[in-house]
Every structure is written in C-alpha cells, then in structure tokens.
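Chemist: One predicted model, sequence on top.
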Amino acid sequence: MRAVLCGYYGMGNGGDEALLATLLQLLPMSVTPLVLSGNPQETSQRYGVKAVPRKSLAAVWSALRQSQAFIWGGGSLMQDTTSAINPLYYGGLMKLAQWMGLRTIAWGQGIGPIHRRSSRWITRWVLQNCDAVSVRDGASAQLLTDWNIPCQLAPDPVWALKSSHLPGFADLHSPRVAVALRDHAQLTPERLANLTKAIADFQTATQTCVILLPFQPVKDSAIANHIAQHLNGHHEIIQVDNPDQLKGVFRSIEMAIAMRFHGVVMAAAEGCRCFAISYDPKVTQIMKELSLPGWGLSSTDPLPLIPNDAGTMTQQWLEHYANGEGLSDVQVRSHIDRALLHAAVIQKVLTKSTDNL
C-alpha cells in the first residue's frame, strides 16, 4: 500500500527532517511512502523516497488518489501562533484525505497553541475522524481527552531515531558544548547580547569548544554567526543536513544550551547534559517532564525568567556543567521504548488497512 506523509518537510528545519526520518524508519516494510515536500528533489535524494511539491494542488491530489493512507508526520502542525494558515493547510489536507476514503493518522502531534476559535474547530473536526491519533505531550493528550478524542500519549518520536556519527566531528577540539538558538521576537537584541557575552565567558572559564548548531539555517544562522564573532576560543558553526547525524552530534557533547525543541530532545536522548531556553509551551513541557534546568523568555511562562545579566547566566551554566547530569541509560531507554508506541499506532492502522484491500 502507499501512504502520503504530510508535515513541515523539505523546509530546511532539522527537527522536522528528524521527524520524517523517524517516520520512515518506523513505517511497516509493506508501506510505500509518498512525501509532500517543500523541496521534493532534495527529499527524494536524501531519503530514497518519492516526493511531490507540498503546495501543488495537482500533485497533492494525484498523490492522494494513488494512496490508501494519509499521515500527519509529527510536530506542531495544528497551531496558529506562527501562522493562521497552518490549521487550514494541514486540516484541509487531512479532511480531503478522509473524504477520499483514505486511512488517516495524526502521528506524534503536539497540538497548539491554538488561539483562534476557527482553528480549534478545524482541529477538533479533523481529529474526530482520524483512524488513530498519537500525541507527544500531556497537554495535547488532555486537550483531546476534553474533546472526547482517544489518543496514544508517548514521547516525541525523535527519541527513537537511530543516530550516527558525523564524519570528522571527533577531530574537533574537546570538550565540546553545543548551542542551538533560534530567532524569536522575545529573544531581543539585549537578551541576545547578554547570551553572547555569557557564552563567551563560559567558554573562557571552561576552555570548551563551542559547537553552534543552526537547526533551521534560514532562521538560526544569523544568531550563530553573531555569537561566533564574539568567541575567542575554539568554535565551529556546523550545519548538519542528515537528521541521524545531527542527533549523533550530541553523543560527543558535554553540555547543550538549547532553545530548539528537537535540540533538547536530541541532547537528552543521547545522554547529554542540557540547559534549555523556552520560547514555546512545547519546550516548557519537555523541560518540566525531564526536570531540566533553564529559563523562559516570557513572564507568563512558569519557568524562571531568563536573567537580565550575563554574569548570572554564566554562573548557572558553570554550575550545571560541573554538577549537572544527563539522563541515565535507563531513563533514555524508557523514553525510546515509549516513543515506539507511535510506531505501534501506525502498524495497527496500516496493517488493518492492508488486510481490507
């Protein structure tokens, strides 16, 4: 059978590419994937799958017509914080697939934040008619419970992504600290200046090699370049296009300072100490779940507010670097095993669909 995979794919975001790589890793062997992508050629070459333009109505219609299943492939697709169009685009495709009789799965989802009544209505409408729903956090599970929609709760699927070594990475100066920041309205110039000074002071105190990881280069590279210009010690800006190698980078990292959600996930999954900075409820959720130290950018966030001076930042990082610990092997294995529950959801629905063909 053939399944259409729909997500924020081919858009240069390392986290979403990791979700696609994980989904392809977990798909039953009997299922042939057809990916909706912002860069079909790149997606096809990287993963060895067929891909079509995600914004071409003719291509999407053709993909649905020749398929038996449709999968939202992870992430925060149904949210209207970044754009009010998101629920319309993803919800519209899910509803079209349902009208066409395809088996539909909302997989590894983080629902929200949803601010508009229309967005909530669309989200509830399409999820009610899915053959299966799996979510990655307790808040999403609670929302669906309130809507009387059954779902499987499990950690983000990327916990289960198999990691691999990045060629040449072991040759870099050690010990290493990774920094994965992103552009955001609440990361003001003043806060970025403080963070930059704090990272430079931290490096001076620890003599570490700072690895700057732009998860989405179009949004993250400017910050990475800015920080690099203020570092006197060993540092590298590394853009990793292969998701399993991106995750593998954290194998050889002593500590991560991560703002990107999947930067936090990958660091934790590889047993790396992690200090997080939250710009979104999804980051706050995983910080609370894993008891990670860190700050929030918003005064409404339940986390401690990011300090307004570099010295306090540096001191807290030094404390975590010296005395903090990553997750134990048992904790990591538990999260990976539970993340595989997302695979069980797919297996159940698609095996049933195959049996009925």
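Modeler: Yep, that arrived. Residues are numbered from 1 along each chain as shown.

Chemist: Give me the buried positions along the lengthiest helix in the chain.
Modeler: If you go by DSSP state H, the chain has its longest helix at helix 189-206. Judged by neighbour count (16 or more other Cβ atoms under 10 Å), helix 189-206 contains these buried residues: 191-192, 194-203, 206. Quick note: C-beta positions are derived from backbone N, CA and C, even for glycine.

Chemist: got those as CSV, with pLDDT columns?
Modeler: As requested, the buried residues of helix 189-206 are exported to CSV (pLDDT from 0 to 100):
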residue, pLDDT
191, 98
192, 98
194, 98
195, 98
196, 98
197, 98
198, 98
199, 98
200, 98
201, 98
202, 98
203, 98
206, 98
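
Chemist: Closest one of these to residue 319?
Modeler: For those, the closest approach to residue 319 (Cβ to Cβ) belongs to residue 202, at 10.9 Å.

Chemist: got the residue ranges for the strands in the stretch 1-150 of the chain?
Modeler: 2-6, 32-37, 50-53, 69-75, 103-109, 132-135 (DSSP state E, counting those that start in this stretch).

Chemist: Check which helices and strands the fourth one sits against.
Modeler: Contacts of strand 69-75 with other secondary structure elements, assessed using 3 or more Cβ pairs under 8 Å, 6 or more residues apart in numbering; DSSP states H and E, are made with strand 2-6, helix 14-26, helix 85-99, strand 103-109, helix 341-355.

Chemist: residues in contact with that strand?
Modeler: Here strand 69-75 makes contact (Cβ atoms under 8 Å, 6 or more residues apart in numbering) with 1-9, 15-16, 19-20, 22-23, 31, 64, 90, 93-94, 97-98, 102-110, 136, 156-158, 346, 349-350, 353.

Chemist: For residue 351, grab the count of nearby residues.
Modeler: Close neighbours of residue 351, defined as other Cβ atoms under 10 Å, add up to 14.

Chemist: and the nearest residue to it once chain neighbours are set aside, what is it in contact with?
Modeler: The shortest distance from residue 351 to any non-neighbouring residue, by Cβ to Cβ, 6 or more residues apart in numbering, is to residue 28 (6.8 Å). Contact analysis of residue 28 by Cβ under 8 Å, 6+ apart lists 346-347, 350-351.

Chemist: One more pass at 7 Å, please.
Modeler: Shown in contact with residue 28 (Cβ atoms under 7 Å, 6 or more residues apart in numbering): 347, 350-351.

Chemist: Who are the packing partners of the helix or strand of the chain with the lowest mean pLDDT?
Modeler: Lowest by mean pLDDT, DSSP states H and E among the helices and strands of the chain is helix 341-355, with a mean of 84. Under the contact definition 3 or more Cβ pairs under 7 Å, 6 or more residues apart in numbering; DSSP states H and E, helix 341-355 sits against helix 14-26, strand 103-109, strand 132-135.

Chemist: Now residue 290: closest residue in space, sequence neighbours ignored.
Modeler: Nearest one to residue 290, counting by Cβ to Cβ, 6+ apart, is residue 268 at 5.8 Å.

Chemist: Correction: the previous question concerned residue 283.
Modeler: residue 261 (5.3 Å).

Chemist: okay, now the one you found: neighbour count?
Modeler: So residue 261, with other Cβ under 10 Å, has 26 neighbours.

Chemist: and it, what pLDDT?
Modeler: Residue 261 carries a pLDDT value of 97.

Chemist: residues contacting the closest residue to residue 325 other than its chain neighbours?
Modeler: Leaving aside its sequence neighbours, residue 325 sits nearest to residue 273 (Cβ to Cβ, 6+ apart; 6.4 Å). Contacts for residue 273 (Cβ under 7 Å, 6+ apart) come out as 254-255, 320, 324-326.

Chemist: shaky segments in this protein?
Modeler: 352-357 (pLDDT under 70).

Chemist: re the thing from before, does the residue nearest to residue 283 really touch residue 285, like I thought?
Modeler: No: counting by Cβ atoms under 7 Å, residue 261 does not reach residue 285; the two are 9.2 Å apart.

Chemist: Helices of the stretch 201-350 of the chain, start to end?
Modeler: 217-228, 243-249, 261-269, 281-290, 310-323, 329-339, 341-355 (DSSP state H, counting those that start in this stretch).

Chemist: Kindly indicate which of the contacts of residue 28 lies nearest residue 162.
Modeler: In terms of Cβ to Cβ, no member of the contacts of residue 28 lies closer to residue 162 than residue 347, at 17.8 Å.

Chemist: returning to what we had before: can you tell me how far the residue nearest to residue 351 is from residue 69?
Modeler: The spacing between residue 28 and residue 69, counted by Cβ to Cβ, to the nearest Å, is 11 Å.

Chemist: hang on, residue 201 packs against residue 309?
Modeler: No: applying Cβ under 7 Å, one finds residue 201 not in contact with residue 309, separated by 11.1 Å.

Chemist: Residue 253 contacts residue 179, doesn't it?
Modeler: No: with contact defined as Cβ under 7 Å, residue 253 does not reach residue 179; the gap is 10.1 Å.

Chemist: got any residues that touch both of the two?
Modeler: Common neighbours of residue 253 and residue 179 (Cβ under 7 Å, 6+ apart) are residue 211.

Chemist: Would you confirm that residue 327 contacts residue 270?
Modeler: No: here residue 327 lies out of contact with residue 270, judged by Cβ under 7 Å, at a distance of 9.2 Å.

Chemist: roughly how far apart are the residue nearest to residue 290 and residue 326?
Modeler: 7 Å.

Chemist: more neighbours, these two?
Modeler: Taking neighbours as other Cβ under 10 Å, residue 268 and residue 326 compare with residue 268 leading, 28 against 22.
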